[in-house]
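Participant: Any chance you could fold what I've pasted below:
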Amino acid sequence: MIRSCLFAVSALALVLPAAAQAQDGAARAREILNTTPLIDGHNDLPWALRQGFASDPYAVDLSTNLDATTDLHTDIPRLREGGVGGQFWSVYVPASLEPVEAAKATFEQIDMVRRIVGAHPDVFELATTADDVERIHDQGRIASLIGIEGGYSIDDSLGLLREFQEAGVRYMTLTHSKTTTWADSATDAPKYGGLSPFGEDVVREMNRIGMMVDLSHVSEETMVDAMRVSEAPVIFSHSSARAVTDHPRNVPDSVLRAMAEDGGVVMVTFVPGFISKAYLDWGPAYDAEMARLGIAPGTRPEDPRMTAWVEANPRPDATLADVVAHIQHVREVAGIDHVGLGGDFDGVSSLPEDVQGVDAYPRILAALMEAGWTESDIRKLAGENVLRTMRAVEAVAAAKQAERPSLAALPETAAPE
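Facilitator: Numbering: from 1, shown residues only. The predicted structure is shown next:
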């Protein structure tokens, strides 16, 4: 009995210092974030409120911690706990919408962001420049920026692109899950081998008006084309490293190596299927078992044989260590000046262990510091790299002020059937 107690005390003695060290690391990270804004590249709270709360920011109390009462990953207490100083709110709409409907829904999502900010003016303020982000953060509030997720929202119209910029949009993801009429997606059949000629015109006009070119969701060929055409640095608002997890949504090493010359930033995302090979491989194994048993895909209710298989073969969890591995890889290949954070909170149904909401950032930064990252490294990852990229994009737009708006249009014959 005494021997068992001694073993228990010894084990506890090992655990307590580790826990205390983690807490100390997170506290140190929060201190860093007091003077450097942590800027997250992608959060889908506007769409989550549209889907779950009838687009009403007052239908749920964002000023309280909603972890236990809702499926939301985002609320004000957790944003504060996470040290978030700047947030790109995604104005996502489904790729399945017709372009004119996508444009309408995108403007409604922009309105959603403005209403979130308006509901909590003591916490949020809209930002459109790097200087805005720093000023708002210095005032103790969270800078709220807007990013379009999917080029179909512009309905093949550069005039509409310009209107989105006037409405406050500061990046556009060229595609989402589907190839557009001018750019190939990473998760759809290619049509152009990257960008079409009109797609190149879209990138040039984004440079002229100061809108960042976001290459998350696009094919590798589109990445290469966009980086070739763009005079301003590009971003990946929420993508991870393909060499670590071989998913088409991730960034290949060849593109990571090119980021040093491009000057942009890859904002590592936390989506389990993008960061964990074990999590990713489970899906095909499940499908293979369905096929072996002769069960039709999508069978509902769940076949009891598959229920038993899942109980015996539960899907592995992604972990904070997986997140750290992707951040480390992007740093090693692209360089410390080209890595950032883009969680995709409220845009996914599952998240890694210990990364369950927007309060997770200090834990991630603490793990990196434990791995040897310096305070200067952490500041670059958290926000300095994004701010530098924003300023470079703003400088290109300023140099192009005298240029006339592009009148380029997609030829009707170029549209796919």
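Participant: Quick one: neighbours of Gln139, just the number.
Facilitator: Around Gln139 there are 9 other residues, counting by other Cβ atoms under 10 Å. Every C-beta, even on glycine, is put in place using the N, C-alpha and C of the backbone.
Participant: Please list all residues in contact with it.
Facilitator: Counting by Cβ atoms under 8 Å, 6 or more residues apart in numbering, Gln139 touches Glu125.
Participant: From Gly85, how far out is it?
Facilitator: Distance, Gln139 to Gly85, using Cβ to Cβ, to the nearest Å: 10 Å.
Participant: same thing with Gly347?
Facilitator: To Gly85, Gly347 is 20 Å away according to Cβ to Cβ.
Participant: Between those two, tell me which one has more neighbours.
Facilitator: Using other Cβ under 10 Å, the more surrounded residue of Gly347 and Gly85 is Gly85, with 25 against 19.
Participant: Now the phi/psi pair for that one, please.
Facilitator: Dihedral angles phi and psi of Gly85 (degrees, to the nearest 10) take the values phi -110, psi -20.
Participant: Next: the one 10 residues further on.
Facilitator: When read as degrees, to the nearest 10, the backbone of Ala95 gives phi -70, psi -10.
Participant: How about Leu126?
Facilitator: Note on Leu126: backbone dihedrals following degrees, to the nearest 10 are phi -70, psi 140.
Participant: Near it, how many other residues are there?
Facilitator: Neighbours around Leu126, by other Cβ under 10 Å: 16.
Participant: Enumerate every residue touching it.
Facilitator: Listed by Cβ under 8 Å, 6+ apart, the contact set of Leu126 reads 113-114, 117, 132, 144-146, 168.
Participant: If we only consider these, which is nearest to Leu195?
Facilitator: Relative to Leu195, the closest of those is Ile146; by Cβ to Cβ it sits at 23.3 Å.
Participant: Give me the pLDDT for that closest one.
Facilitator: Ile146 is assigned 99 on the pLDDT scale.
Participant: Can you show me the strands along the chain?
Facilitator: In the chain, the segments counted as strands under DSSP state E are 38-43, 84-92, 124-126, 142-149, 169-173, 212-214, 235-236, 265-268, 339-341.
Participant: Quick check: which of these is nearest to Lys400?
Facilitator: Per Cβ to Cβ, nearest to Lys400 of the strands of the chain: strand 212-214, 14.3 Å.
Participant: ok so, going back, any chance of JSON lines for the contacts of Leu126, columns neighbour count and distance to Ala397?
Facilitator: Below are the contacts of Leu126 laid out as JSON lines (neighbours: other Cβ atoms under 10 Å; distance: Cβ to Cβ, whole Å):
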{"residue": "Val113", "neighbour count": "26", "distance to Ala397": "22"}
{"residue": "Arg114", "neighbour count": "19", "distance to Ala397": "23"}
{"residue": "Val117", "neighbour count": "19", "distance to Ala397": "24"}
{"residue": "Asp132", "neighbour count": "18", "distance to Ala397": "15"}
{"residue": "Ser144", "neighbour count": "24", "distance to Ala397": "21"}
{"residue": "Leu145", "neighbour count": "25", "distance to Ala397": "16"}
{"residue": "Ile146", "neighbour count": "26", "distance to Ala397": "16"}
{"residue": "Gly168", "neighbour count": "16", "distance to Ala397": "15"}
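Participant: ok, so of those residues, who is nearest Arg78?
Facilitator: Ser144 (15.7 Å).
Participant: quick one, what contacts the closest residue in space to that closest one that isn't next to it in sequence?
Facilitator: Closest residue in space to Ser144, ignoring its immediate chain neighbours: Phe124 at 4.8 Å, by Cβ to Cβ, 6 or more residues apart in numbering. For Phe124, the contacting residues are 116-117, 141-142, 144, by Cβ under 8 Å, 6+ apart.
Participant: Find the pair from those with maximum spatial separation.
Facilitator: That would be Ile116 and Arg141, which, of these, are the farthest apart (Cβ to Cβ) at 13.0 Å.
Participant: returning to that earlier point: pairing partners for the residue nearest to Ser144 in the sheet, please.
Facilitator: When assigned by DSSP bridges, Phe124 has beta-bridge partners Ile142.
Participant: For it, give its distance to Thr389.
Facilitator: Distance check for Phe124 against Thr389: by Cβ to Cβ, it reads 22 Å.
Participant: same question, Met290
Facilitator: Distance, Met290 to Thr389, by Cβ to Cβ: 44 Å.
Participant: for the most centrally placed residue in the chain, what are its contacts?
Facilitator: Closest residue to the average C-alpha location of the chain: His238 at 2.9 Å, with Cα atoms, centre = their mean. Taking Cβ under 8 Å, 6+ apart, we find His238 in contact with 41-42, 216, 267, 269, 271, 342-344, 347.
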